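In: The following block contains a protein sequence and its predicted model.
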Amino acid sequence: MRRIKSNINTNSSEFKEFKQHNQSLLAEFHRRQEKARHERPQRDLDRLAKQNKMLPRERLELLLDPGTPFLEFSSLGACEAYDGAAPSANCITGIGIVGGREVVINASDSSNKGGAWFPLTAKKIVRALDIAIENRLPVIHMCDSAGGYLPLQSDLFGDKYMSGRIFRNQTQLSKLGCKQLALVFGHCTAGGAYTPGLSDYSVIVNGTGAVFLGGPPLVKAATGEDVTVDELGGARMHTSVSGTCDYYADNEREAIAIGREVVSQWEQPQKFALQREAPEDPYYDPSELYGIIPNDIKKQFDIREVIARIVDGSRFAEYQPDYGTTMVCGFANIWGYKVGILGNNGVLFNDSTLKATHFMALCNQNNVPLVFLQNITGYMIGKEYEQRGITKDGAKMLMVQGGVDVPKFTVMTNGSFGAGNYGMCGRSWDARTLFAWPQSQIAVMGSDQAANTLVTIKVNQMKREGIEPTPQELEEIRAEVLRNYENSTSAYATSSEIWDDGIIDPVDTRNALGMSISASLNAPFGGTQYGVMRY
């Protein structure tokens with residue numbers, strides 16, 4: 001494959017302006033991420049110390065193989081919800097290496113509100129277990145949670161993708177032969193008792209670990225029986241009487257050591273034999289991405305410049321380079337793994353839509369995973385394009401993209417608007433992982449179009465009420481609409497709701513994709529049949 005020829009002048013004033021802007025955004029992102037990961041009320045830190053408990057991330061560090069990466073999901077989950085009461089959605093999830101094996105980790109964060117499950121906690125855990133199911137990965141549950149956050153129980157308990165889905169997903173993992181280990185550091189109460197109960201292996205810590213459907217106060221209220229925590233669900237009882245847990249540990253370090261020993265006995269999976277070459281760093285410096293991404297989401301940039309700073313050796317075999325030029329397609333390697341890349345260089349016209357459709361079919365035929373780099377305003381609208389069949393061609397792209405059997409991975413590099421979000425494998429379209437850059441936005445349409453539309457509706461409403469707005473009032477209305485719209489479409493707003501698998505620093509994109517691709521090879525793929533397409 002030929003190396004991409006970069007046209008970026010790193011000494012230009014524009015490059016320096018963009019770089020300064022993006023580094024400022026990155027500084028804010030890293031500040032918010034650090035706060036979500038580590039800042040906790042002192043009373044909670046004192047409580048854990050009194051209980052001889054480690055912090056959740058200290059446990060995680062001991063569990064993971066030394067020197068190996070951890071691909072964390074949704075580090076800023078719930079960052080704009082619950083008035084900040086649930087940093088990182090009160091749990092830690094991600095893919096790590098334990099005993100040389102790729103595993104999904106689901107860790108309670110008892111350093112805040114006892115690790116209580118908020119609605120977005122359940123959503124984040126369900127998503128982590130979905131990733132385990134899709135990629136046939138084993139799971140390690142690090143249990144230490146106060147259970148459901150009762151003031152919000154109506155948003156947590158009853159519906160299909162709420163807390164019950166966690167346990168449903170555990171049963172599906174077991175059916176698929178994906179092993180599960182529970183390390184019980186704290187209380188697993190009520191529905192939470194089923195996390196270790198549904199796991200293949202469990203280790204429980206004496207003195208702090210407990211598993212029961214109802215704690216001592218509930219037992220007293222329901223039956224009148226007086227019973228201690230240890231008698232009801234402690235480590236000694238469950239490992240020697242009930243058999244609910246397998247291994248007794250005197251402390252957390254011993255529990256983690258036992259857990260690592262358990263994982264070391266698991267069979268090593270036979271991965272899918274994806275085409276692979278020796279990995280090679282990008283020829284161009286990935287940090288140059290800071291000077292490539294504009295300081296205004298409406299400004300265009302060449303997605304090839306992004307590809308050149310992500311893929312091995314900056315080498316790219318472009319497909320149909322002279323046709324449908326607002327869509328860039330081609331083959332490259334990431335961490336040595338062969339991938340097909342689709343990146344946006346403008347709105348999707350009929351030709352660029354058909355080009356993407358055919359390229360995805362070729363990748364699926366050749367068992368090549370797909371990477372989508374989104375910077376899309378949508379499909380082209382208007383009389384000419386409708387007569388040429390843009391809806392029909394867009395439907396073909398959706399049919400193939402939704403039908404391919406190869407793993408898909410998505411990065412929100414900038415804007416993601418309208419049906420373009422769907423065609424380029426947005427959240428609804430089952431990307432194995434989907435990450436966002438800090439300046440990215442997701443919405444049904446761009447902010448200016450939305451503001452103009454909403455202002456028109458508001459003005460018409462005022463006129464029906466006999467009010468004729470002045471130009472100044474119109475501008476104030478538009479500014480307020482624009483501000484509210486942009487706040488709701490920002491990467492922080494969407495990542496808070498777990499519409500992605502986390503905001504990442506652009507320079508980390510290559511590694512995030514590499515780990516995602518490697519994990520995906522634990523599941524088989526190949527042999528897809530497409531649905532009916534309208535010709």
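Out: Cool, the structure landed. Numbers count the residues shown, from 1 in each chain.
In: can you give me the offset of stretch 463-474 from its chain's centre?
Out: On the basis of CA atoms, centre = their mean, to the nearest Å, stretch 463-474 sits 44 Å off its chain's mean C-alpha point.
In: What of stretch 491-506?
Out: When C-alpha coordinates are averaged (CA atoms, centre = their mean), stretch 491-506 and its chain have centres 7 Å apart.
In: And the pLDDT for the nearest residue to residue 70 once chain neighbours are set aside?
Out: Nearest non-adjacent residue to residue 70, counting by CB to CB, 6 or more residues apart in numbering: residue 96, 4.5 Å away. From N, CA and C alone the C-beta is placed, and that goes for glycine too. The confidence metric pLDDT takes the value 98 at residue 96.
In: what bridges to residue 96?
Out: Taking DSSP bridges, one obtains residue 103 as the residues bridged to residue 96.
In: do you know how far it is from residue 325?
Out: 41 Å (CB to CB, to the nearest Å).
In: Between the two, point out the one with more neighbours.
Out: Neighbour count, other CB atoms under 10 Å: between residue 96 and residue 325, residue 96 has more, with 20 against 14.
In: which residues touch that one?
Out: Residues in contact with residue 96, defined by CB atoms under 8 Å, 6 or more residues apart in numbering, are 60, 63, 64, 65, 68, 69, 70, 71, 102, 103, 105.
In: Residue 355 now?
Out: Residues in contact with residue 355, defined by CB under 8 Å, 6+ apart, are 319, 320, 323, 324, 327, 329.
In: Let me see the ranges of the helices in the stretch 251-400 of the chain.
Out: Counting by DSSP state H, counting those that start in this stretch, one finds helices in the stretch 251-400 of the chain at the ranges 252-264, 289-292, 303-307, 350-365, 383-387, 390-403.
In: ok, longest strand in the protein?
Out: The single longest strand within the chain, with elements called by DSSP state E, is strand 408-417.
In: Show me what that one is packed against.
Out: For strand 408-417, the contact count by 3 or more CB pairs under 8 Å, 6 or more residues apart in numbering; DSSP states H and E identifies strand 370-376, strand 433-436, strand 441-443, helix 509-520 as packing neighbours.
In: can you tell which of the ones you listed is closest to residue 281?
Out: helix 509-520 (8.7 Å; CB to CB).
In: Other residues contacting the closest one?
Out: By CB under 8 Å, 6+ apart, the list of residues contacting helix 509-520 from outside reads 69, 71, 95, 102, 131, 134-135, 137, 272, 274, 282, 286, 289, 310-311, 334-335, 337, 339, 369, 371, 407, 409, 411, 432-433, 435, 437, 504.
In: one more time with 6 Å, if that's ok
Out: Contact with helix 509-520 is made by 71, 95, 102, 135, 310, 334-335, 337, 369, 407, 409, 411, 432-433, 435, 504, as judged by CB atoms under 6 Å, 6 or more residues apart in numbering.
In: Then stretch 265-280?
Out: Contacts to stretch 265-280, defined as CB under 6 Å, 6+ apart, come from residues 179, 312, 313, 333, 335, 336, 337, 338, 521, 522.
In: Which one of the residues you listed is nearest to residue 38?
Out: After measuring these against residue 38 - CB to CB - the closest member comes out as residue 335, at 29.1 Å.
In: Run the chain-centre distance for the helix ranked longest in the chain.
Out: Taking residue count as the measure and DSSP state H as the definition, the longest helix of the chain comes out as helix 13-38. For helix 13-38, the distance between its averaged C-alpha position and the chain's averaged C-alpha position is 20 Å (CA atoms, centre = their mean).
In: Give me the average confidence score over it.
Out: The pLDDT scores in helix 13-38 average 98.
In: Pull out the buried positions in the helix or strand following it.
Out: Sequence-wise, the next helix or strand beyond helix 13-38 is helix 42-50, with elements assigned using DSSP states H and E. Neighbour counts using 16 or more other CB atoms under 10 Å place 44, 48 of helix 42-50 among the buried residues.
In: picking up where we left off before, residue 75 is nearest to which of the helices of the stretch 251-400 of the chain?
Out: Using CB to CB as the measure, helix 289-292 is the one of those that comes nearest residue 75, at 19.7 Å.
In: Just give me the neighbour total for residue 392.
Out: Number of residues near residue 392 (other CB under 10 Å) recorded here: 14.
In: Distance check, the closest residue to residue 122 other than its chain neighbours against residue 116.
Out: When the adjacent residues along the chain are set aside, residue 122 lies closest to residue 163, with 4.4 Å between them (CB to CB, 6+ apart). From residue 163 over to residue 116 the distance is 11 Å, taken as CB to CB.
In: do residue 385 as well
Out: Residue 385 is 51 Å from residue 116, by CB to CB.
In: Which one's more surrounded, those two?
Out: Set side by side, residue 385 and residue 116 give different neighbour counts by other CB under 10 Å, the larger being at residue 116 (22 against 19).
In: Now do the contacts for the closest residue to residue 82 other than its chain neighbours.
Out: Once flanking residues are discounted, residue 82 sits nearest to residue 118: 6.1 Å by CB to CB, 6+ apart. Taking CB under 6 Å, 6+ apart as the definition of contact, the neighbours of residue 118 are 86, 90, 149.
In: how about the residue of the chain positioned farthest from its centre, secondary structure?
Out: Relative to the C-alpha centroid of the chain, counting by CA atoms, centre = their mean, residue 466 is the outermost residue, at 48.5 Å. The three-state label for residue 466, taken from DSSP: H, G, I helix; E, B strand; the rest coil, comes out as coil.
In: Near residue 492, how many other residues are there?
Out: Around residue 492 sit 17 other residues, with neighbours defined as other CB under 10 Å.
In: Could you look up the SS state of it?
Out: Classification of residue 492 using three-state DSSP returns helix.
In: go on, residue 140?
Out: For residue 140, the reduced secondary structure class is strand; criterion used: three-state DSSP.
In: thought it was touching residue 104?
Out: No - taking CB atoms under 6 Å as the definition, residue 140 is not a contact partner of residue 104, at 7.5 Å.
In: how near is residue 460 to residue 418?
Out: Looking at residue 460 against residue 418, where the rule is CB to CB, the gap reads 23 Å.
In: Ok, residue 291 next?
Out: Counting by CB to CB, the separation of residue 291 from residue 418 is 28 Å.
In: Looking at the two, which has the bigger crowd around it?
Out: When residue 291 and residue 418 are compared on other CB under 10 Å, the one with more neighbours turns out to be residue 291, at 23 against 20.
In: The more buried one and residue 18 touch, don't they?
Out: Yes - contact between residue 291 and residue 18 holds when scored by CB under 6 Å: they sit 4.9 Å apart.
In: Looking at neighbours, which among the contacts of residue 118 is most surrounded?
Out: Across the contacts of residue 118, the neighbour count under other CB under 10 Å reaches its highest value at residue 90, namely 30 neighbours.
In: List the residues that contact that residue.
Out: With contacts taken as CB under 6 Å, 6+ apart, residue 90 has the following neighbours: 109, 112, 118, 121.
In: Swap in 7 Å and give it another go.
Out: The neighbourhood of residue 90, defined by CB atoms under 7 Å, 6 or more residues apart in numbering, consists of 109, 112, 113, 115, 116, 117, 118, 121.
In: Direction included, what does the longest strand of the chain pair up with?
Out: Sheet pairing for strand 408-417, assigned by DSSP bridges, gives strand 370-376 (parallel), strand 433-436 (parallel), strand 441-443 (parallel).
In: Please identify which of those is closest to residue 246.
Out: Using CB to CB as the measure, strand 433-436 is the one of these that comes nearest residue 246, at 31.7 Å.
In: Residues in contact with the closest one: which ones?
Out: 409-412, 427, 491, 495, 500-504, 512, 516.
In: measure residue 432 to residue 328 for me?
Out: Separation of residue 432 from residue 328 (CB to CB): 21 Å.
In: and residue 9, what is it in contact with?
Out: With contacts defined as CB under 7 Å, 6+ apart, residue 9 is in contact with residue 15.
In: That one should be in a helix, yeah?
Out: No - when classified by three-state DSSP, residue 9 is found to be coil rather than part of a helix.
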